[in-house]
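> Fold the following for me, if possible:
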Amino acid sequence: MDKCIVVEPEIEGNLGFLARTMANFDFKKLILVNPDVNIGEKAKTRAVHAQKILENVKIVDTLEEALEKVDFGIGTTGLEADSSANVLRNTFDVREMAERAGEIDGDIGVVLGRESKGLTNDELSLCDMVVKVPTSDNYPVMNITHAAGVIFYEIYRSKKVDKREASSRGEKKYLKQIFKSMAGNLEYSEEETDRIMQCLNNFIGRSFLDKKEANTLIGFFKKVDKNLKKGG
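Residues are numbered from 1 along each chain as shown. You can find the predicted model right below:
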């Protein structure tokens, strides 16, 4: 089941428009993280025939809690990286993301930020990958409902009949833990390790690892880590 996660939404009416857009492209579940607004008549009116999505909305306290409910979290941003060192905002092409997502049998969660300032770097770091809708340099930032519509459409149009089983969030977390242990055994500094781990997070997210691939990599990295600990 594809889901939409909105972090601290600030405008009630946008939730109604968002629910309607979700229904257009078969997104079933709306999750709100610490919302600043309630779902009232304005949202319900703008949702039109998608009010059921608003009635079944899930509210959680943190983005971490919301991401536990999906296999792949797709963060969104209207900003490009300001330098090659800012690996968090090295965004991925929306259409290519959708093509890869369409091959995986798992829950996709599109993560939208606040209307006023989007998602923070810390929030983006929790996502499996970050995408940006291509827009004019003269006015690059989109309203969240418009950006969502483009992303939902690309995911919807790319769905395949024959799909691979998605790797679980737990498998990906374990893979990252092993990799971090390897970096420690190679005596990387904390700063270097953090950068390596963010690059690994980007790689794993963009790859849309299936279960077989994840377990193959886990087995390989466990052996490497074991040998590093032995000094061999």
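
> what residues go with each domain of this protein?
Domain segmentation of the chain under automatic domain parsing yields 3-165, 169-230.

> Dump the ones you listed into JSON lines; add mean pLDDT as well.
Listed next are these as JSON lines, based on pLDDT from 0 to 100:
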{"stretch": "domain 3-165", "mean pLDDT": "91"}
{"stretch": "domain 169-230", "mean pLDDT": "89"}
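
> Let me know which of those domains is tucked in deepest.
Most buried of the domains of the chain, by mean neighbour count (mean count of other CB atoms under 10 Å): domain 3-165, with a mean of 18. (Glycine included, C-beta is placed from N, CA and C.)

> mind checking how far that domain is from the chain centre?
8 Å (CA atoms, centre = their mean, to the nearest Å).

> again, but for stretch 178-193
25 Å.

> Please list the residues outside stretch 33-49 that contact it.
Here stretch 33-49 makes contact (CB atoms under 8 Å, 6 or more residues apart in numbering) with 5-13, 15-17, 19-20, 23, 51, 53-54, 57, 59-63, 65-66.

> Can I get that stretch in CSV? Just the C-alpha atoms.
What follows is stretch 33-49 as a C-alpha-only set of coordinates in CSV (Å, rounded to 0.1, in the frame of the first residue of the first chain):
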residue,chain,number,x,y,z
VAL,A,33,3.7,13.9,11.7
ASN,A,34,2.9,16.3,14.6
PRO,A,35,0.4,18.4,12.5
ASP,A,36,0.0,22.1,13.3
VAL,A,37,-3.7,21.9,12.0
ASN,A,38,-6.8,19.9,12.5
ILE,A,39,-8.8,18.2,9.8
GLY,A,40,-11.9,20.3,9.6
GLU,A,41,-14.6,21.2,7.1
LYS,A,42,-12.2,23.1,4.8
ALA,A,43,-10.1,20.0,4.3
LYS,A,44,-13.1,17.7,3.9
THR,A,45,-14.7,20.0,1.3
ARG,A,46,-11.5,20.2,-0.8
ALA,A,47,-11.1,16.4,-0.6
VAL,A,48,-14.4,16.1,-2.5
HIS,A,49,-14.9,12.3,-2.9
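
> let's number from 28 now, not from 1
Will do, 28 is the new start, and the previous item becomes stretch 60-76.

> Would you work out how far apart the start and end of stretch 31-46 are?
End-to-end distance for stretch 31-46: 9 Å, by CA to CA, to the nearest Å.
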